[in-house]
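In: Kindly generate the corresponding structure for this input.
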Amino acid sequence: MTKAEHAAATATPEALQADAEQESALPEGHAVDTEQPNAEPAKPARGKRKPLPAELPRVEIEYSLPEHDLQCDCGCQKHVIREEVSEQLEIIPQRVQVIRHVRKVYGCKSCEKAPETAAKPPQFIEKIMATPSVLSMLLTTKFVDGIPLHRFERVMQRHGLKIPRQTLARWVIESSRQLQPLYNLMQDQLLQSPYIHCDETRVQVLKEPDRSPDNQSWMWVMRSGQPERPILLYEYSCTRNQSVPLRLLEGYQGYLMTDDYAGYNAIAKQPGIERLGCWAHARRRFVDAQKVQPKGKTGRADVALNLIGQLYGFEKHHKTASPEERYQARQEQSLPILHKLKTWLDDTLLHATSQNKLGVALGYLASNWSKLVRYTEAGYLPIDNNAVEGDIRHFAVGRKNWLFSD
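Out: The predicted model follows:
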């Protein structure tokens, strides 16, 4: 038996299928050479550089031969036969300028009527020296890029501007007041969403009335279930109890995707609200259980992870499908896997203890099962809460830089 025959006899069905697909992709008349024991492995093809965005403005610089090189050695004149084009990205540093508002004052020479001053357009924040462009840059730098105000203060100093961080903080606070109506409108739209993601994370706030600086405060995050135009709202609260989601989601009707935190139990009991469970949280507990298994051995945690991985595989495969197509696929493909996982769960619980990592994972899966399988009720529902957890991560990056807030 040759090496090729031995490899074919011991190959898995998946490997054979992959080889068949690779061979079928070759041009007609080409075959896969299986008898090349001394052949060097093919070098991976170098990736091509992605073109720069077409919507960016272009500045063209043309290069021509000098006049004395346009004459060919044969005596003829050289002419252009083609052009070679390459592109580089250029970023123009910030340009700082001062806008002077000159309001002319008019008076009458014939009478003593009071002078009249030309009107100036309304400003976003009156009586400050920052334009909306400065304020938008300040808010984006702090809340999107996670840069503290004292670092932004140094950025301004590099441009020769001395703006104390206390002034910057006042601009942030006043901007939040001006933007409150927009926030309210976004919250109204959020409550019309078919489903909402919710999560919360810690933040330390100093100098709060009647509170110790060691007390933990919380930033609550809500994300709408409209992936094409998501609404993302952050709401600060000094408490983590159930009164906060009851207030934020008052009057909401639809699905609510959260983790297993008991603070959401009260809002989930409201009429018209269905609570979804997060499969990512369930999976993490089995990952923890897998880590304490004997190395090189397959345990019961691997069984759960394999089945959960199949659920996620179906979701990835139907990611671009319509909600109707995804719902049908879940009924045909996901539900049998869920049934298999539930049967395994019920059987394993009889022989497991709650004192180890596997027992914790099994207990979480069993207690949240009704919420975890609810995502199959519609094609537009998410399988986990990862979307809003990514938004929490952005805030956590800023928190790591700010350390605390006043």
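
In: The stretch 101-250 of the chain: helices as residue ranges?
Out: Listed in chain order, the helices of the stretch 101-250 of the chain (DSSP state H, counting those that start in this stretch) span 132-139, 149-158, 165-190, 243-248.

In: Output these in JSON lines, with distance to Leu335 appended to each entry.
Out: In short, each C-beta sits where N, CA and C put it, glycine included. Formatted as JSON lines, the helices of the stretch 101-250 of the chain follow (distance: least, Cβ to Cβ, whole Å):
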{"stretch": "helix 132-139", "distance to Leu335": "46"}
{"stretch": "helix 149-158", "distance to Leu335": "52"}
{"stretch": "helix 165-190", "distance to Leu335": "30"}
{"stretch": "helix 243-248", "distance to Leu335": "30"}
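
In: okay, these, which one's buried deepest?
Out: Among these, the stretch with the highest mean neighbour count (mean count of other Cβ atoms under 10 Å) is helix 243-248, at a mean of 18.

In: tell me what it is packed against?
Out: strand 216-224, strand 232-237, helix 265-268 (3 or more Cβ pairs under 8 Å, 6 or more residues apart in numbering; DSSP states H and E).

In: Find out how far the shortest one is from the centre of the chain, if you would.
Out: In other words, helix 265-268. Between the centre of helix 265-268 and the centre of its chain there are 26 Å (Cα atoms, centre = their mean, to the nearest Å).

In: what packs against that helix?
Out: helix 243-248, strand 273-276.

In: And the closest residue to Ala262 other than its chain neighbours, what's its pLDDT?
Out: Leaving aside its sequence neighbours, Ala262 sits nearest to Gln242 (Cβ to Cβ, 6 or more residues apart in numbering; 7.7 Å). According to the prediction, Gln242 has pLDDT 94.

In: got it, and Asn306?
Out: 96.

In: which stretch of helix or strand covers it?
Out: Using DSSP states H and E, Asn306 sits within helix 300-317.

In: What is the neighbour count of the residue nearest to Ala262?
Out: Around Gln242 there are 17 other residues, counting by other Cβ atoms under 10 Å.

In: now the strands for the protein?
Out: 105-106, 116-117, 195-204, 216-224, 232-237, 254-257, 273-276 (DSSP state E).

In: out of the ones you listed, deepest packed?
Out: strand 254-257 (a mean of 22).

In: Please compute how far that one lies from its chain's middle.
Out: 19 Å.

In: again, but for stretch 141-154
Out: Distance, stretch centre to chain centre, for stretch 141-154: 20 Å (Cα atoms, centre = their mean).

In: Backbone dihedrals for Lys109, both of them.
Out: phi -80, psi -20 (degrees, to the nearest 10).

In: Next, find the distance separating it from Thr117.
Out: 17 Å (Cβ to Cβ, to the nearest Å).

In: Repeat that for Ala396.
Out: Counting by Cβ to Cβ, the gap from Ala396 to Thr117 is 50 Å.

In: where does this protein have low pLDDT?
Out: Within the chain, the segments meeting pLDDT under 70 span 1-47.

In: Export the strands of the chain to JSON lines and append columns for distance to Ala321.
Out: As requested, the strands of the chain are exported to JSON lines (distance: least, Cβ to Cβ, whole Å):
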{"stretch": "strand 105-106", "distance to Ala321": "66"}
{"stretch": "strand 116-117", "distance to Ala321": "63"}
{"stretch": "strand 195-204", "distance to Ala321": "18"}
{"stretch": "strand 216-224", "distance to Ala321": "21"}
{"stretch": "strand 232-237", "distance to Ala321": "25"}
{"stretch": "strand 254-257", "distance to Ala321": "19"}
{"stretch": "strand 273-276", "distance to Ala321": "19"}
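
In: Select, out of those strands, the one closest to Ser176.
Out: strand 232-237 (10.6 Å; Cβ to Cβ).

In: now the angle from the closest one to strand 195-204?
Out: 40 degrees (axes from the mean of the first three to the mean of the last three Cα atoms, to 10 degrees).

In: Quick one: list the elements packing against strand 232-237.
Out: helix 165-190, strand 216-224, helix 243-248.

In: run the last query once more with 6 Å
Out: strand 216-224 (3 or more Cβ pairs under 6 Å, 6 or more residues apart in numbering; DSSP states H and E).

In: so what strands line up beside the strand it packs on?
Out: Using DSSP bridges, strand 216-224 pairs in its sheet with strand 195-204 (antiparallel), strand 232-237 (antiparallel).

In: What residues does Trp344 make contact with?
Out: Applying Cβ atoms under 6 Å, 6 or more residues apart in numbering to Trp344 gives no contacts.

In: what do you get if the cut-off is 8 Å, keeping everything else the same?
Out: When the contact criterion is Cβ atoms under 8 Å, 6 or more residues apart in numbering, the partners of Trp344 are 303-304, 307.

In: Using CSV, lay out the helices and strands packed on helix 265-268 together with distance to Leu338.
Out: Output for the helices and strands packed on helix 265-268, formatted as CSV (distance: least, Cβ to Cβ, whole Å):
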stretch, distance to Leu338
helix 243-248, 27
strand 273-276, 14
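
In: returning to that earlier point: who wins for proximity to Ser133 among the helices and strands packed on helix 243-248?
Out: That would be strand 232-237 among these, by Cβ to Cβ, at 22.7 Å.
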